[in-house]
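[1] What shape does this take:
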Amino acid sequence: MFGPCYSGALLAFEAQKVMGLRLVKLAWGGLEAQAEAHLMVTEKVSAALEAAGTLLTGGSPDTVIARYREHVAANTMRLSAPADGRF
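    The predicted structure follows:
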């Protein structure tokens with residue numbers, strides 16, 4: 001409705017929470033931090049390839065931003081969950 005600028009701004013704000021949650025996890029160190037670092041890089045490469053594919057097949061920037069926001073929301077949920085898996 002508001003275009004890619006508004007959606008992009010929302011994405012930036014939402015991504016800040018994920019970055020904070022990841023920094024905490026990485027700061028604790030250990031095997032979980034290593035796994036998170038690996039997952040983070042893997043997700044970023046995968047998301048970039050997905051975005052490029054969307055744009056190359058005629059998708060709009062709005063579509064790419066909406067998909068990135070889905071990834072960010074999923075990461076927020078995953079990183080916010082307690083270590084024992086219960087909410």
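[2] pLDDT (mean, whole number) over stretch 39-56?
    Mean pLDDT, computed over stretch 39-56, is 96.
[3] ok, and what's touching it?
    By CB atoms under 8 Å, 6 or more residues apart in numbering, the residues outside stretch 39-56 that reach it are Arg22, Pro61, Thr63, Val64, Arg67, Tyr68, His71, Asn75. Just so you know, the C-beta spots here come from the backbone N, C-alpha and C atoms, and that holds for glycine as well.
[4] one more time with 7 Å, if that's ok
    Under the criterion CB atoms under 7 Å, 6 or more residues apart in numbering, residues Arg22, Thr63, Val64, Arg67, Tyr68, His71 lie in contact with stretch 39-56.
[5] What mean pLDDT does the strand or helix carrying the first one get?
    To tie it back to what came earlier, the one meant is Arg22. Arg22 belongs to helix 4-28 when elements are defined using DSSP states H and E. The predicted model assigns helix 4-28 a mean pLDDT of 93.
[6] Could you check it and say which residues are buried?
    Neighbour-count burial for helix 4-28, counted by 16 or more other CB atoms under 10 Å, picks out Ser7, Gly8, Leu11, Ala15, Val18, Leu21, Arg22, Lys25.
[7] for the chain, which helix is longest?
    Criterion DSSP state H: the longest helix present in the chain is helix 30-56.
[8] Pull out the buried residues from that one.
    For helix 30-56, the neighbour count (16+ other CB under 10 Å) marks Glu36, Met40, Ala47, Ala51, Thr54 as buried.
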